[in-house]
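# let me see the structure of the following:
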Amino acid sequence: MEHIVKIDSIGHVTHDVLRLVVEKPADYIYTPGQATDVSVNKDGWQEELRAFTFTSLPTQQHLEFTIKTYPARNGVTNQLLSLKAGDSLILHDVFGDINYKGEGLFIAGGAGVTPFLAIFRNLQAHQQVGNNQLIFANNTKADIIHEDEFNQLLGNNFINVLAKENIEGYENGFITEELLRKYITNNNKYVYLCGPPPMMDAVEKHLASLGIDEQFIVKEGF
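Residues are numbered from 1 along each chain as shown. Prediction:
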């Protein structure tokens, strides 16, 4: 089913990430971590669907998306950069396999953090953040989405990994088996994973080497 919704507000949260707040269709139900296909309600773009995760809470009266843009690709996210409040998007059905099952270690790369943002916001709303940890991989500090919010939510359980910068207090390089061994504890029953496919493939191999059972890895199914 298609829903045409107006944009209430649009703005940047980092140099290349947008926050879009849009109308919420009646009886539109989702769980934190889920997504929907979105297209721009403009000639030539209605059939160009891209999957974006909700970063609002299901109880809120609006929908929020936190979307990384790729202007060089001249695709849907580039079109989003030219939109303003009052323009409209087309939303489709809700989908997604990422949902919270219990405390664990969250591992995200870039815009792959968006389902976890929704999950952590929901946990905070219910005062259930607990001992969850987040390892967040980016190229530079400027690429970190909602760094201040994650610091407030998680404190020392928020671990940043920067591939292209070496900054005190931040891990440098990539998510290696050694880095995972440093942060995985006996309390990490579940591992939540979302990011670019090459990163996910590498991390899954590391997790297998560390003896993490596949049934405890929560990720998007394809």
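# roughly how far does the residue nearest to Gln61 when sequence neighbours are not counted sit from Ala137?
Residue nearest to Gln61 in three dimensions, not counting chain neighbours: Lys24, with 6.2 Å by CB to CB, 6 or more residues apart in numbering. (Glycine included, C-beta is placed from N, CA and C.) Relative to Ala137, Lys24 is positioned 31 Å away (CB to CB, to the nearest Å).
# of these two, who's got more company?
Ala137 (26 against 20; other CB atoms under 10 Å).
# who are the packing partners of the top strand by length along the chain?
Assignment by DSSP state E gives strand 3-14 as the longest strand of the chain. Contacts defined by 3 or more CB pairs under 8 Å, 6 or more residues apart in numbering; DSSP states H and E place strand 3-14 against strand 17-23, strand 62-68, strand 88-95.
# again, 10 Å this time
strand 17-23, strand 62-68, strand 88-95, helix 147-154 (3 or more CB pairs under 10 Å, 6 or more residues apart in numbering; DSSP states H and E).
# what would the ones you listed look like in a markdown table with mean neighbour count?
Formatted as a markdown table, the helices and strands packed on strand 3-14 follow (neighbours: other CB atoms under 10 Å):
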| stretch | mean neighbour count |
| --- | --- |
| strand 17-23 | 20 |
| strand 62-68 | 21 |
| strand 88-95 | 17 |
| helix 147-154 | 16 |
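# how far out from the middle of the chain is the longest strand of the chain?
17 Å (CA atoms, centre = their mean, to the nearest Å).
# same question for stretch 79-89.
Counting by CA atoms, centre = their mean, stretch 79-89 comes out at 21 Å from the chain centroid.
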